[in-house]
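**Student:** Please work out how this folds:
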Amino acid sequence: MNLHNSLSISLKIQERIDPSRRDEPAKFYVQAIQTGKTDLRRLAYLISSQSTVRQADCLAVLDGLVLNMMDELSQGRAVELGDIGTFRVAVTSNGSATPEEVNVSNIRFSRLNYRPSRVFKKWLKTLNFSIMS
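**Tutor:** The predicted structure is shown next:
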C-alpha cells in the first residue's frame, strides 16, 4: 500500500481549562486543524481515477459498504475492514445497585468505536506536523 504523507498536518495552539479541575489555570494544547471534509462521492471519484472502475460503480460499492456495515453492527458484530481497521458499537450506561435493576434505560448513549489497523497505526507514526502561528 502506497501512503502519501509528504504534506504536513497543521496544528494550532488552543488554551483550555480542564473541566475536572476548574480551579487550576488553563493550559495550552496543540490541536489538529481540519482543512476540509471528504465524502463518499469524492472517495468514489478518487478511486475511479486510480482504476478502470467508473465513479458511479465506486459510489455504489461505497454506499453498499455503509449500509452493510450498519446492518452488521446492529446485529452486534464487529466490522473489520482489512487495512482500515475495526468498527464496533459501544455504550455508556448508568450503574445500578443490583443486576435486576439493569435495563436498556440505563444506557446514556451509544457510539461507534474504531480501532485502526497496524497499517494505519504505522502510518500515523510517519506523519509530519507543523504549528501554525
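**Student:** For the residue nearest the centre of the chain, which three-state class applies?
**Tutor:** Geometric centre of the chain, nearest residue: Y114, 5.9 Å, by C-alpha atoms, centre = their mean. Per DSSP: H, G, I helix; E, B strand; the rest coil, the secondary structure class of Y114 is strand.
**Student:** Check the spacing between the residue nearest to P25 when sequence neighbours are not counted and K27 real quick.
**Tutor:** Excluding the flanking residues, the one nearest P25 by C-beta to C-beta, 6 or more residues apart in numbering is I17, at 7.9 Å. Just so you know, the C-beta spots here come from the backbone N, C-alpha and C atoms, and that holds for glycine as well. Using C-beta to C-beta, to the nearest Å, I17 is found at 8 Å from K27.
**Student:** how about low-confidence regions in this protein?
**Tutor:** 1-7 (pLDDT under 70).
**Student:** all strands for it, in order.
**Tutor:** Per DSSP state E, the chain carries strands over the ranges 8-16, 27-32, 79-80, 85-93, 107-116, 128-131.
**Student:** got CSV for those, with distance to N68 too?
**Tutor:** Converted to CSV, the strands of the chain look like this (distance: least, C-beta to C-beta, whole Å):
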stretch, distance to N68
strand 8-16, 31
strand 27-32, 30
strand 79-80, 8
strand 85-93, 12
strand 107-116, 15
strand 128-131, 35
